[in-house]
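Q: Task: produce atomic coordinates for the following.
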Amino acid sequence: MTVSMYRLSVPVFIRGLNMLSTLLEKAEAHAAENGIEPGIMLNSRLAPDMLSLCGQVQRASDTSKNALGRLTPKPAPSLPDTEATFAELGARIEKTVAYLETISERDLQGSETRAVNLAVGSLDVTFTGIDYLLEFAVPNFFFHVTTAYDILRHDGVAIGKRDYLGPFS
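A: Below you'll find the predicted structure:
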């Protein structure tokens with residue numbers, strides 16, 4: 001049995017984004033129940049040189065949508081990083097998932113051998129599609145999702161591993 005580029009990407013990213021959305025809902029409820037100004041949580045970070053919770057959610061969104069934009073003929077939507085509320089972050093996730101849901105198995109056919117050049121900052125590397133997906137896009141996506149989870153845990157939100165893993169089908 002072969003595993004397709006579609007199966008390795010679209011459902012994985014959608015599941016992770018849906019789980020992240022649920023975590024944000026729990027964080028918003030935690031803030032309300034404990035009289036915490038939401039902006040404090042949204043701007044919280046694990047270390048001074050790391051992105052805030054908002055930044056982590058934005059990068060998880062960017063990583064997933066841009067990965068599929070690079071691997072398919074369907075360009076990723078541009079989403080400015082202007083979110084400043086839980087509702088706005090939730091809307092960003094919804095827009096990202098809606099884009100991912102437009103990607104079909106057919107759109108990804110042959111993408112495993114497509115050349116993907118990634119030039120960001122001092123990084124300038126060309127991957128094959130499969131290497132880009134498995135060595136950069138998926139790990140980068142989960143770095144930001146995990147860091148968002150860690151920020152929320154650090155800020156006292158009652159979430160655990162089952163929340164991170166999400167429901168199973």
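
Q: quick one, what contacts E83?
A: 54, 57-58, 89, 91-92 (Cβ atoms under 8 Å, 6 or more residues apart in numbering). For glycine as for every other residue, the C-beta is placed from the backbone atoms N, C-alpha and C.

Q: Mind doing that once more with 10 Å?
A: Contact analysis of E83 by Cβ atoms under 10 Å, 6 or more residues apart in numbering lists 42, 54-55, 57-58, 61, 89-93.

Q: and what of A84?
A: 38-39, 42-43, 54.

Q: how about the strands of the chain, start to end?
A: Under the criterion DSSP state E, strands of the chain are mapped to 115-120, 123-128.

Q: Low-confidence ranges, this structure, go.
A: 1 (pLDDT under 70).

Q: roughly how far is the helix ranked longest in it from the heart of the chain?
A: Longest among the helix segments of the chain by residue count, using DSSP state H, is helix 5-33. Mean C-alpha position of helix 5-33 versus that of the full chain (Cα atoms, centre = their mean, to the nearest Å) differs by 8 Å.

Q: next one: stretch 53-73
A: Distance, centroid of stretch 53-73 to centroid of chain: 6 Å (Cα atoms, centre = their mean).

Q: can you check stretch 69-77 too?
A: 16 Å.

Q: tell me which residues in it are buried?
A: Neighbour counts using 16 or more other Cβ atoms under 10 Å place 69-72, 76 of stretch 69-77 among the buried residues.

Q: Could you do stretch 145-158 as well?
A: 145, 147-149, 151-153, 155, 157.
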